[in-house]
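*Asks:* fold the following, please.
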Amino acid sequence: MKPQLDKRLHAYRSDRADLALKGQVPAEQFVSGTPAVVCDPVMDLKASPQHSAEAVSQLLLGETVTVFDNADGWSWVQADRDRYVGYVAAAGLGDMAASATHIVTVPRTFAYSLADLRSPVRYSCSMGSRLTVTDITETRGTAYAVLPDGSSLIASHLRPLGFHFDDYVAVAAMFLETPYLWAGKSGFGFDCSGLVQLSMLMCGQSTARDSDMQATSIGKPVEAGSKELQRGDLVFWSGHVGIMEDADIMIHASGHAMRVVRENLSDAIDRIAHLYGMPTAYRRP
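*Replies:* Predicted coordinates:
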């Protein structure tokens with residue numbers, strides 16, 4: 001008997017499925033899907049098509065998705081970046097237009113109505129958001145990146161697509177004190193694996209979304225466990241992951257502290273053991 005495909009990463013339901021899965025799963029109809037782009041600053045990816053449904057991940061401004069169904073204001077999509085499947089509010093998606101040119105490289109930034117920091121803010125966006133810059137202009141000595149709709153961002157908060165940081169641990173540290181948010185993966189709120197994913201993405205490393213996926217796919221195991229840990233290593237528990245800043249200190253989005261924190265690994269192991277047991281894996285990217 002074939003193992004069942006993970007529905008988090010494969011778009012299939014009894015009534016409809018990704019055409020690429022034909023012959024692998026049963027479905028009444030197989031469709032190729034249509035491309036779309038995320039137009040909202042941050043969109044919750046839901047487990048089912050209703051506002052009360054649990055969020056399972058998030059999509060950032062400028063991310064692209066494949067849409068397999070639209071019904072009652074909801075789109076059933078698969079994210080192109082990490083292949084995660086879920087439902088988003090259809091109003092937050094748009095047709096593929098001009099290609100993105102830049103990516104946000106600070107934790108959070110504002111899109112102003114005009115190229116002037118005194119003008120009204122239209123929206124805020126997170127590190128990792130992808131934008132199309134049509135012009136660079138200057139107001140009172142500050143350079144602004146202008147978008148097709150006239151919105152303007154501080155130009156120094158963006159870099160051309162293809163830019164990567166060198167150290168994903170340093171990126172994670174930029175988000176210290178950011179609130180914990182279940183399913184969050186933006187500068188406005190993270191869960192543990194979302195912090196790992198965005199921090200690595202900004203260094204050019206694509207990773208799976210959830211901690212159980214990351215625990216079997218990122219890098220290689222550190223067989224000696226916690227005695228041999230170094231900067232950048234990952235420590236996994238059942239349902240949790242942390243990033244080692246050095247041999248002793250871990251950065252993680254903590255549901256206990258409800259924010260991104262630094263914590264001594266031995267203290268974290270003792271605290272977490274009461275609820276979730278001991279670490280299940282150590283990996284080196």
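*Asks:* now the terminal residues of stretch 38-46, how far apart.
*Replies:* This stretch, stretch 38-46, spans 15 Å end to end (CA to CA, to the nearest Å).
*Asks:* now swap in stretch 126-142 and tell me
*Replies:* Per CA to CA, stretch 126-142 runs 20 Å from first to last residue.
*Asks:* how far away from the center of its chain is it?
*Replies:* With CA atoms, centre = their mean, to the nearest Å as the basis, stretch 126-142 stands 22 Å off its chain's centre.
*Asks:* with stretch 29-37 instead?
*Replies:* 22 Å.
*Asks:* neighbouring contacts of it?
*Replies:* 11, 15-19, 21-22, 62-69, 75, 77-78, 93-97 (CB atoms under 8 Å, 6 or more residues apart in numbering). (Each C-beta comes from the backbone N, C-alpha and C, glycine too.)
*Asks:* please pick the buried ones from those.
*Replies:* 11, 16-18, 62-69, 75, 77-78, 93 (16 or more other CB atoms under 10 Å).
*Asks:* check contacts around Gly204.
*Replies:* For Gly204, the contact set (CB under 8 Å, 6+ apart) comprises His164.
*Asks:* which secondary structure state does it sit in?
*Replies:* coil (DSSP: H, G, I helix; E, B strand; the rest coil).
*Asks:* which residues of the stretch 151-285 of the chain fall in helices?
*Replies:* Assigned by DSSP state H, counting those that start in this stretch, the helices in the stretch 151-285 of the chain fall at 168-173, 192-201, 211-217, 265-276.
*Asks:* among the buried ones among the contacts of stretch 29-37, name the ones in strands.
*Replies:* 17-18, 64-69, 75, 77-78, 93 (DSSP state E).
*Asks:* how about these in JSON lines, adding pLDDT and distance to Ala55?
*Replies:* Below are these laid out as JSON lines (pLDDT from 0 to 100; distance: CB to CB, whole Å):
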{"residue": "Ala17", "pLDDT": "98", "distance to Ala55": "23"}
{"residue": "Asp18", "pLDDT": "98", "distance to Ala55": "22"}
{"residue": "Thr64", "pLDDT": "97", "distance to Ala55": "20"}
{"residue": "Val65", "pLDDT": "98", "distance to Ala55": "16"}
{"residue": "Thr66", "pLDDT": "98", "distance to Ala55": "20"}
{"residue": "Val67", "pLDDT": "98", "distance to Ala55": "19"}
{"residue": "Phe68", "pLDDT": "98", "distance to Ala55": "19"}
{"residue": "Asp69", "pLDDT": "98", "distance to Ala55": "19"}
{"residue": "Ser75", "pLDDT": "98", "distance to Ala55": "15"}
{"residue": "Val77", "pLDDT": "98", "distance to Ala55": "14"}
{"residue": "Gln78", "pLDDT": "98", "distance to Ala55": "16"}
{"residue": "Leu93", "pLDDT": "97", "distance to Ala55": "17"}
